Each structure stands twice: as structure tokens, then as C-alpha cells.
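In: I would like the atomic coordinates for the input below:
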Amino acid sequence: MAKSAKPAARKAPQKKPKSDPVSNAPADDLDFILHSLQEEFEQAKRFNASQEQMLQFYEQMLLIRRFEEKAGQLYGLGLIGGFCHLYIGQEAVAIGLQSALDGDKDSVITGYRDHGHMLAYGIDPKVIMAELTGREAGISKGKGGSMHMFSTEHKFYGGHGIVGAQVALGGGLALAHQYNEDGGLCLAYFGDGAANQGQVYETFNMAALWNLPIVFVVEDNQYAMGTSTKRGSAETRFYRRGTAFRIPGMEVNGMDVLEVRAAAEVAFKHVREGKGPVLMECNTYRYRGHSMSDPAKYRTREEVQDQRDHHDPIEGLKKTLIEGGKTEEDLKAIDKAIRARVAQAADFAENSPEPPPPELYTDVLVENH
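Out: Numbers count the residues shown, from 1 in each chain. I've put the predicted structure just below:
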């Protein structure tokens, strides 16, 4: 009887890890620990925010919530056309992360569920609502709509309708930061559905190889369109998907703004120190369907209500604020002011003119470069 083949010999470990002189990528770095950032994060899992900071987070999340609720109403009235993907339930992710960015240096790119990210950047709700309703006063002159908003002034680069495409573009933004030596990083958001796109992993590989300043953020809202992550993904712990590319991962409760902010502090520090990319998974939950046209029959009302009752990011922070001395009346006053602000944004949008026909021929090609 023939002898079975011997197992392939393992490479002898190097005592002093060497790096590729071209890419600076680690070869057999024995000290490389993929869970090192998670361990650092676990030591101080909630951001030690002041009362003033918590109030700011509360106001920003509430602004997103009320804005999105109003957008849903305008969609129902036919004032918003096409697709409209609401961010209700996921507010803590954008606020927790973007509150830690350097607005003068860093860039942000995301998919088509983008209204909340723009509001988190402090962009005027009026111009966002005007864009949603296709008005000339919109931030993209009414030509981008819900899914394609940009603000180069704020270094916000979309708003992309092609699933996962923004990740590769985010790699390009990170390369630009590195090339220009401007000290900035790119925050590239994508969803649990986009996490199965091939271009995402091509970007992971290049980002690790070139040591790019980028934080990849998976907003795992539990359902890729109408399919639960458990049915559509063999590996549902998305933060582990960078392992093959030597990208450290972090798992974060995306329903707690203070936890997200604490994770941001750890991840951004790692990237700014020139240690390469980070992959962060923020576990969150969207209360509405994938888009306004989605009846969301793939989950029960009880499931959604349970999330609202026990994990809502705004209610969670509200409880913390009350424990810290704020009253219900204080917070009701904030809500009232935000509702008025959102109503003004809706009125502004409804009373703004549509773009004139000649606008169809502008912004088609780059004229100066």
C-alpha cells in the first residue's frame, strides 16, 4: 500500500521580521496581532463625554431622526421621487464616528443611505431637503437626489448608488491623503450587503499593501435589502474579514453613540500614526425598510419594536442625560426646536424652484483640471 504524502513543511519563523522595501507591507511579522485594537477598545469601551458633548450628540442624532421622518412624509406626498433610503435607527454610527473627525483634513464617502452622514457633518438641512426634492437650491443643484449627494467643501464625496463602489473610491481618497501628505484619513462606509462585493476586498488588499490612511466601516443593519445577514453571509462577524489582508478589526455596538465614539478614538489614532487601515463593524438596526418602497415583510413587527424599546440610540443617550441631571422638559425643548428646524427645511425645499432645463447640460464633464 502506497504511503500517504507528507504534509508540506512549514516555513521557519523569522526572528527579526523583514518588510518588503517597496510596499512596506509586513512579511512574517510575528508581533502582528489582529485583535490588538479590540483589546485597547475593550479597556475603555465608552467615550468619557462631557455633559455638553452628550447634549450635542443627542441634538445631532435627533436632527437626523426628525429629518428622516419628514423625508418619509414628503416621499409619501410625492415630493421626493425615485428611491429614498432612510437612516432611522442608525444615527449613533454617523454621529459617533464623524464627531471624531478633523473637518479640515479628513474625507467621508458612503453608499446611497447618505442623508444622515451629511447631517452629521453639520451641513444645512435646508440644502439637503432641497436636494431630496430635486430643487435648484439643493446641495447638488437638485440633480443628485436622495442617493447622490456631494459636498467637496466638506470633503463629503457621496452618496453612491452602485453597491460597494464607494469602498474602492474611498481607497483612492486615502491614497490622495497619503500622496498629498495632508495628514487626513478617509472614512469609508458600506453595508453588510456590500461586504460581499469583490471590489471591497481588492481595496482591502491595496490599502494594506500601501499602508493607506483609511477606516473601513461596515454598518451592519442586519438586512442587506431584504435578506438577513445570516442567510446571505457565511461569515457574519464582518470585522474579521480583514484578517486575510492583515487589517485589524473592531466590533462595536452601533446603537450606542458613546461606544462608537470610543471606537473612533482608537481606530483614528492607529491610522494617524501611520499604521495602516482599520476595519470596524458597527452593529446597528434600521427601523424602516431598505427604501421607502420596501414593505419589509421579511421581519416581524415584534422584532422591530423590540429594537426600538430596548436598543434605540437616542433613547439610550436620553436616559444617560437624565441620570446626569437633565430634565424631561429640557429634552422636550430640544426636540421642539429641532422639529421646527426640520419644518423650515421642508418649507424651504417646497418653495424653491426646480433647476432650469439648461442645467441638464452642466456638470457633465470636467472643464478645468
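In: and Val218, bridged to which residues?
Out: Phe190, Glu281 (DSSP bridges).
In: Now do the same contact list for it.
Out: 190-192, 195, 238-239, 279-282 (CB atoms under 8 Å, 6 or more residues apart in numbering). In this view, the C-beta of every residue, glycine as well, is placed from N, C-alpha and C.
In: out of those residues, who's nearest Gly78?
Out: Using CB to CB, Gly191 comes nearest to Gly78 of the contacts of Val218, at 27.4 Å.
In: my guess is the closest one contacts Gln222, does it?
Out: No: between Gly191 and Gln222 there is no contact under CB atoms under 8 Å: 10.1 Å.
In: any idea of the pLDDT on the residue lying closest to Ala165 once chain neighbours are set aside?
Out: Spatial nearest neighbour of Ala165, chain neighbours left out: Gln199 (6.8 Å); criterion: CB to CB, 6 or more residues apart in numbering. Listed pLDDT for Gln199 reads 96.
In: Ala333 too?
Out: Note on Ala333: pLDDT of 97.
In: Which secondary structure element is home to Lys336?
Out: helix 328-351 (DSSP states H and E).
In: Distance from that helix to the middle of the chain?
Out: Computed by CA atoms, centre = their mean, to the nearest Å, the separation of helix 328-351 from the middle of its chain amounts to 25 Å.
In: what about the longest helix seen in the chain, distance to the chain center?
Out: Ordering each helix of the chain by length in residues (DSSP state H) puts helix 51-76 first. The chain centroid and the centroid of helix 51-76 are separated by 16 Å under CA atoms, centre = their mean.
In: Check which helices and strands it sits against.
Out: Contact here means 3 or more CB pairs under 8 Å, 6 or more residues apart in numbering; DSSP states H and E; on that basis helix 51-76 packs against helix 91-98, helix 115-120, helix 125-132, helix 257-272, helix 313-323, helix 328-351.
In: So which residues make contact with the following helix or strand past the third one?
Out: Right, the one you point to is helix 125-132. Under the assignment DSSP H and E, the closest C-terminal helix or strand after helix 125-132 is helix 165-180. Helix 165-180 is contacted from outside by 105, 107, 109-111, 157-158, 160, 183-190, 194, 197, 199-200, 202-203, 206-207, 210-214, 216, 277, using CB under 8 Å, 6+ apart.
In: List the buried residues for helix 165-180?
Out: Buried positions in helix 165-180, judged by neighbour count with 16 or more other CB atoms under 10 Å: 165-175, 177-178.
In: on that earlier part again, may I see the buried residues of the helix holding Lys336?
Out: Buried residues in helix 328-351, counted by 16+ other CB under 10 Å: 331, 334-335, 338, 342, 345-346, 348-349.
In: got the angle between that helix and helix 51-76?
Out: 40 degrees (axes from the mean of the first three to the mean of the last three CA atoms, to 10 degrees).
In: Send me helix 328-351 as PDB with only the CA atoms.
Out: Extracted in PDB, the C-alpha atoms of helix 328-351 (Å, rounded to 0.1, in the frame of the first residue of the first chain):
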ATOM      1  CA  GLU A 328     -37.600  65.700  30.500                       C
ATOM      2  CA  GLU A 329     -38.600  69.400  30.000                       C
ATOM      3  CA  ASP A 330     -35.100  70.300  28.900                       C
ATOM      4  CA  LEU A 331     -35.000  67.500  26.300                       C
ATOM      5  CA  LYS A 332     -38.600  68.200  25.100                       C
ATOM      6  CA  ALA A 333     -37.500  71.800  24.400                       C
ATOM      7  CA  ILE A 334     -34.600  70.500  22.200                       C
ATOM      8  CA  ASP A 335     -37.000  68.200  20.300                       C
ATOM      9  CA  LYS A 336     -39.400  71.000  19.700                       C
ATOM     10  CA  ALA A 337     -36.600  73.300  18.400                       C
ATOM     11  CA  ILE A 338     -35.400  70.500  16.000                       C
ATOM     12  CA  ARG A 339     -38.900  69.800  14.700                       C
ATOM     13  CA  ALA A 340     -39.300  73.500  13.900                       C
ATOM     14  CA  ARG A 341     -35.900  73.500  12.200                       C
ATOM     15  CA  VAL A 342     -36.900  70.400  10.100                       C
ATOM     16  CA  ALA A 343     -40.200  72.000   9.200                       C
ATOM     17  CA  GLN A 344     -38.400  75.100   8.000                       C
ATOM     18  CA  ALA A 345     -36.200  72.900   5.800                       C
ATOM     19  CA  ALA A 346     -39.200  71.200   4.300                       C
ATOM     20  CA  ASP A 347     -40.900  74.600   3.600                       C
ATOM     21  CA  PHE A 348     -37.700  75.900   2.100                       C
ATOM     22  CA  ALA A 349     -37.500  72.900  -0.200                       C
ATOM     23  CA  GLU A 350     -41.100  73.000  -1.300                       C
ATOM     24  CA  ASN A 351     -40.900  76.800  -2.100                       C
END
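In: element containing Cys84, please.
Out: Cys84 belongs to no helix or strand, assigned by DSSP H and E.
In: The one 5 residues further on too?
Out: Assigned by DSSP H and E, Gly89 belongs to no helix or strand.
In: That one and Met206, how far apart?
Out: Note on Gly89: its distance to Met206, by CB to CB, to the nearest Å, is 33 Å.
In: Look at the two and report which has more neighbours.
Out: Taking neighbours as other CB atoms under 10 Å, Gly89 and Met206 compare with Gly89 leading, 25 against 19.
In: Let's verify the nearest residue to the more buried one once chain neighbours are set aside: helix, strand, or coil?
Out: Leaving aside its chain neighbours, Gly89 sits nearest to Tyr287 (4.2 Å; criterion: CB to CB, 6+ apart). Under DSSP: H, G, I helix; E, B strand; the rest coil, the three-state class of Tyr287 is coil.
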